[in-house]
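[1] model this:
(one chain, ligands or ions: 1)
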Amino acid sequence: MTTLETAVSPRRPARAPARGAPPGPPPDEAVAPLLALHAAQRPGSDLTPLRRAYEVAERMHHGQTRKSGEPFVTHPLAVATILAELGLDTTTLVAALLHDTVEDTAYTLTELRADFGAEVGVLVDGVTKLDGHRWGERAEAETYRKIVLAAAADLRVLVIKLADRLHNLRTLGAQPPHKRARIARATHELYVPFAERLGIHVLKREMDDLAFAAGDPAGYAAAERAVRVALRDPAAAFGPALARVRASLDAHGVPGDLSVRRSHLYAVHRATGGDVAGLRACQVARLQLIVDGPDRDCYIALGAVHAALHPIPGQVRDFIAMPKDNLYRSLHSRVITPDGDPVEVIIRSAAAHPVAEYGIVAHIRDAGTVADAVTGRRDLEWLGRLLAWQRGASSAEFLEGLRAGLSDGSIAVCAPSGQLITLPAGATALDVAYALGPATGDHCIGALVNGRHAALSAEVRSGSVVQVLTDPAAAPSPGWLDSAVTPAARTRVRTWPERRHGPEYAGRAALARAFAARRRDLPAAEARGDALAAARALGHGDPGPMYRALHEGTLRLADLLDRFPAPVRAPDSGGDDRGTSR
Ligand code: MN
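    Coordinates of the predicted model:
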């Protein structure tokens with residue numbers, strides 16, 4: 001029953017560009033393996049839409065090649081194949097085949113909707129990058145925001161995006177080194193955390209290792225060698241421990257599947273800080289026990305493991321009573337092997353196992369409808385929080401907050417109700433208040449941390465019980481920004497005056513910030529009558545409705561700025577119109 005996980009290693013880099021790219025196989029032949037895979041994974045599926053989608057993708061991408069020299073259509077086909085392997089539904093695979101058509105070919109979203117329906121339209125639109133020309137330097141941040149908003153309607157958008165990134169990583173060898181490094185960094189910063197938050201560990205592990213290999217080839221080679229050497233003889237390293245645990249499980253009457261699981265290379269690299277020389281087997285692998293029965297049998301199994309191998313104090317973590325953000329449910333412990341080595345043990349039920357490996361994909365796979373994909377999101381509290389705070393955030397704030405929110409190193413505190421709140425390290429009582437809800441945050445006045453009074457600025461520690469004190473008359477003040485760490489809190493505090501005074505005020509504040517960023521002065525421009533002139537040119541009687549339109553997004557900031565005359569350049573002011581007068 002003991003199995004050793006097969007090695008996870010990056011695929012061989014794609015071939016060097018061939019001169020005069022060979023034509024691909026005929027469409028029927030090229031798409032056949034995908035159809036067979038999908039039919040095997042989801043018997044009874046109608047394969048016609050997949051055939052049609054491949055035909056359209058093949059036709060629209062015709063003549064385009066990848067860096068490797070292969071026809072471009074091999075990329076969407078590979079992305080669809082990754083998703084078919086995960087057992088996803090036909091609509092997701094159709095969208096995957098078409099995912100680059102709207103971005104890179106003449107095919108429009110309108111045509112796509114007419115040909116394949118609204119559901120495919122939502123998915124393809126969600127993964128389509130925003131036009132760099134129109135959005136300029138904000139394009140990257142706003143593209144991520146667009147993906148997150150689309151994922152709120154349908155989580156399959158994020159799953160397609162992850163499969164897209166995975167295939168690009170698998171074929172990274174064809175890219176120049178500087179591009180490889182940039183893609184590796186973005187993968188670790190954003191895509192891996194997204195995969196982790198969605199619980200799709202199979203994608204996360206492969207992306208982790210591919211990005212590791214691309215960003216740090218020497219470190220990767222060292223980790224690969226060290227793990228190979230450490231696991232030369234797994235039977236000798238783990239045999240005695242496995243025998244004892246099996247006997248104990250039998251004695252406790254808990255049947256299950258016990259195996260040795262190799263850690264992926266990037267995890268080993270991180271855990272050792274890159275110092276991988278002379279690693280022992282127990283440092284690069286762990287024991288995994290999948291219990292046949294329900295969750296409660298996992299606790300009996302934990303007792304059986306601890307009876308067989310001495311537990312290390314303080315190392316039990318119960319992710320069944322307190323599931324992780326990504327719905328992961330398991331028990332973790334560390335025990336001492338008969339050879340005196342500490343080793344990690346993970347115990348979960350057979351029902352929880354697919355979710356531990358595939359996360360949200362396991363939910364979508366079983367449901368397979370938009371409605372259920374949306375339901376899946378309700379379990380993902382972090383996505384709800386992300387959607388809530390992003391509303392008031394600028395592009396830069398959004399990207400910064402997204403990176404910070406997705407990075408690990410988080411702490412967890414408890415509300416008196418028992419509600420668990422996950423926050424970034426360094427978070428304060430004020431952050432806890434906003435995590436409990438915007439109204440709690442806006443009206444908070446202090447907190448009781450483990451029963452003792454604490455200021456809103458007090459940093460909270462993991463494991464504390466935090467009760468937030470509120471007063472209906474209290475309101476955010478600018479000074480709170482010094483205490484706010486999470487984007488949720490920062491955004492709410494920063495936008496308080498605008499929320500309080502309405503959309504005109506908010507629009508004017510946004511314009512004033514844009515002016516200030518250009519070292520210009522909005523009040524001065526208003527005093528000169530420039531704002532009134534701009535408002536009249538836009539068909540408004542006064543600047544109020546113009547500011548409201550700016551806040552509501554019907555008027556673009558860049559367009560409005562263009563309507564203000566350029567600052568008069570005073571001989572000695574260096575282009576700064578602050579304080580100049582006419
Ligand atoms: Mn793509």
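
[2] list the contacts for the closest residue to the ion within the stretch 401-550 of the chain?
    Minimum separation of the stretch 401-550 of the chain from the ion (CB to the ion) falls at residue 402, amounting to 20.5 Å. Every residue, glycine included, has its C-beta placed from N, CA and C. Shown in contact with residue 402 (CB atoms under 8 Å, 6 or more residues apart in numbering): 144, 148, 190, 386, 487.

[3] Can you classify the residue of the stretch 301-450 of the chain found nearest the ion as helix, strand or coil?
    Nearest residue of the stretch 301-450 of the chain to the ion, counting by CB to the ion: residue 361, 18.7 Å away. Here residue 361 is helix, with the state taken from DSSP: H, G, I helix; E, B strand; the rest coil.

[4] which residues does it contact?
    Residue 361 neighbours (CB under 8 Å, 6+ apart): 86-88, 159, 198, 200.

[5] Past the lowest-mean-pLDDT helix or strand in the chain, which element shows up next along the chain?
    Ranking every helix and strand in the chain by mean pLDDT, DSSP states H and E puts helix 370-378 at the bottom, with a mean of 52. Later in the chain than helix 370-378, the nearest helix or strand by DSSP states H and E is helix 381-390.

[6] helices or strands up against that following helix?
    Using 3 or more CB pairs under 8 Å, 6 or more residues apart in numbering; DSSP states H and E as the contact criterion, the elements in contact with helix 381-390 are helix 139-153, helix 370-378, helix 395-406, helix 487-494.

[7] Low-confidence regions, the stretch 451-582 of the chain specifically.
    For the stretch 451-582 of the chain, the stretches flagged by pLDDT under 70 are 568-582.

[8] ranges for the helices of it?
    Secondary structure of the stretch 451-582 of the chain by DSSP state H, counting those that start in this stretch: the helices cover 487-494, 496-501, 503-517, 522-527, 530-537, 543-552, 557-562.

[9] in the fourth one, what counts as buried?
    Residues of helix 522-527 classed as buried by neighbour count (16 or more other CB atoms under 10 Å): 522, 524-525.

[10] Would you mind listing what in this protein touches the ion?
    Within reach of the ion by CB under 5 Å from the ion, the chain has these residues: 100, 164.

[11] Buried ones in the longest helix along the chain, by neighbour count?
    Counting residues, the longest helix found in the chain (DSSP state H) is helix 234-252. Along helix 234-252, these residues count as buried under the neighbour rule (16+ other CB under 10 Å): 234, 237-238, 241-242, 244-246, 248-249, 252.

[12] got the contact list for it?
    Where contact means CB under 8 Å, 6+ apart, the residues beyond helix 234-252 that reach it are 2, 4, 231, 255-256, 258, 260, 280-282, 285, 287, 289, 300-301, 303-305, 307-309, 335, 337-339, 343.

[13] Of the residues you listed, which belong to strands?
    Residues of the contacts of helix 234-252 located in strands (DSSP state E): 256, 258, 260, 285, 287, 289, 335, 343.

[14] Pick out whichever of those residues sits closest to residue 517.
    residue 285 (52.4 Å; CB to CB).

[15] okay, now that closest one: neighbour count?
    24 (other CB atoms under 10 Å).

[16] And for residue 185?
    When counting by other CB under 10 Å, one arrives at 13 neighbours for residue 185.

[17] With the ion as the reference, measure out to it.
    According to CB to the ion, to the nearest Å, residue 185 stands 19 Å off from the ion.

[18] and that residue, which of the three is it?
    Reduced to three states by three-state DSSP, residue 185 is helix.

[19] got a list of what it touches?
    Per CB under 8 Å, 6+ apart, neighbours of residue 185: 211, 215.

[20] Okay, and the beta partners of the nearest residue to residue 318 once chain neighbours are set aside?
    Once flanking residues are discounted, residue 318 sits nearest to residue 331: 5.9 Å by CB to CB, 6 or more residues apart in numbering. Here residue 331 sits in beta bridges with residue 318, residue 347, going by DSSP bridges.

[21] now the contacts of residue 402 as a markdown table including neighbour count?
    Shown next, in a markdown table, are the contacts of residue 402 (neighbours: other CB atoms under 10 Å):
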| residue | neighbour count |
| --- | --- |
| 144 | 20 |
| 148 | 19 |
| 190 | 19 |
| 386 | 23 |
| 487 | 26 |
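
[22] Select, from the residues you listed, the two members most distant in space.
    Going by CB to CB, the pair spanning the contacts of residue 402 furthest: 190 and 487, at 14.7 Å.

[23] Nearest to the ion: which residue in the stretch 151-300 of the chain?
    residue 164 (4.2 Å).

[24] can you pull the pLDDT of the closest residue to residue 454 other than its chain neighbours?
    Excluding the flanking residues, the one nearest residue 454 by CB to CB, 6+ apart is residue 447, at 5.0 Å. We have a pLDDT of 95 for residue 447.

[25] List the buried residues for the host helix or strand of residue 447?
    Take DSSP H and E as the rule and residue 447 turns out to sit in strand 444-449. For strand 444-449, the neighbour count (16+ other CB under 10 Å) marks 444, 446-447, 449 as buried.

[26] Equivalent analysis for stretch 255-267, please.
    256, 258-260, 262-267.

[27] thinking again about what came up before, in helices only, show me the contacts of residue 361.
    Using DSSP H, those in helices are residue 159.

[28] Now pLDDT and neighbour count too, for the contacts of residue 361, in a markdown table please.
    Listed next are these as a markdown table, based on pLDDT from 0 to 100; neighbours: other CB atoms under 10 Å:
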| residue | pLDDT | neighbour count |
| --- | --- | --- |
| 86 | 93 | 20 |
| 87 | 91 | 19 |
| 88 | 92 | 25 |
| 159 | 92 | 29 |
| 198 | 85 | 28 |
| 200 | 91 | 24 |
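
[29] Using PDB, write out the CA atom coordinates for stretch 128-135.
    Written as PDB, here are the backbone C-alpha positions of stretch 128-135 (Å, rounded to 0.1, in the frame of the first residue of the first chain):
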ATOM      1  CA  THR A 128      -9.300  38.700 -21.900                       C
ATOM      2  CA  LYS A 129      -6.600  41.300 -21.100                       C
ATOM      3  CA  LEU A 130      -7.600  44.900 -21.100                       C
ATOM      4  CA  ASP A 131      -6.200  46.900 -24.000                       C
ATOM      5  CA  GLY A 132      -2.800  48.400 -23.000                       C
ATOM      6  CA  HIS A 133      -3.300  51.300 -25.400                       C
ATOM      7  CA  ARG A 134      -6.500  52.400 -23.700                       C
ATOM      8  CA  TRP A 135      -5.600  51.700 -20.100                       C
END
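
[30] residues of it that come out buried?
    Neighbour count says stretch 128-135 has 128-130, 135 buried, by 16+ other CB under 10 Å.

[31] Would you mind listing the buried residues in stretch 546-560?
    For stretch 546-560, by 16+ other CB under 10 Å, it's 546-551, 555, 560.

[32] Touching that stretch from outside, list them.
    By CB under 8 Å, 6+ apart, stretch 546-560 touches 498, 503-508, 510-511, 514, 531, 534-535, 538, 540.

[33] try 7 Å
    Stretch 546-560 has contacts (CB atoms under 7 Å, 6 or more residues apart in numbering) with 503-504, 506-508, 510-511, 514, 534-535, 538, 540.

[34] Could you pull out the buried residues of stretch 418-428?
    For stretch 418-428, burial by neighbour count (16+ other CB under 10 Å) applies to 421-424, 427-428.

[35] so how far is the first residue of it from its last?
    18 Å (CA to CA, to the nearest Å).

[36] ok, back up a step: so which of the buried residues of stretch 128-135 belong to helices?
    Using DSSP H, these in helices are residue 135.

[37] Report the lowest-confidence entry in the contacts of residue 402.
    residue 386 (74).

[38] That one and residue 405 touch, don't they?
    Yes. Assessed by CB atoms under 7 Å, residue 386 is found in contact with residue 405 at 6.5 Å.

[39] which one of the ones in strands among the contacts of helix 234-252 is nearest residue 458?
    Among those, residue 335 lies closest to residue 458 (CB to CB), at 37.3 Å.

[40] Not counting residues beside it along the chain, what's closest to that closest one?
    That would be residue 309: by CB to CB, 6+ apart, it lies 3.9 Å from residue 335.
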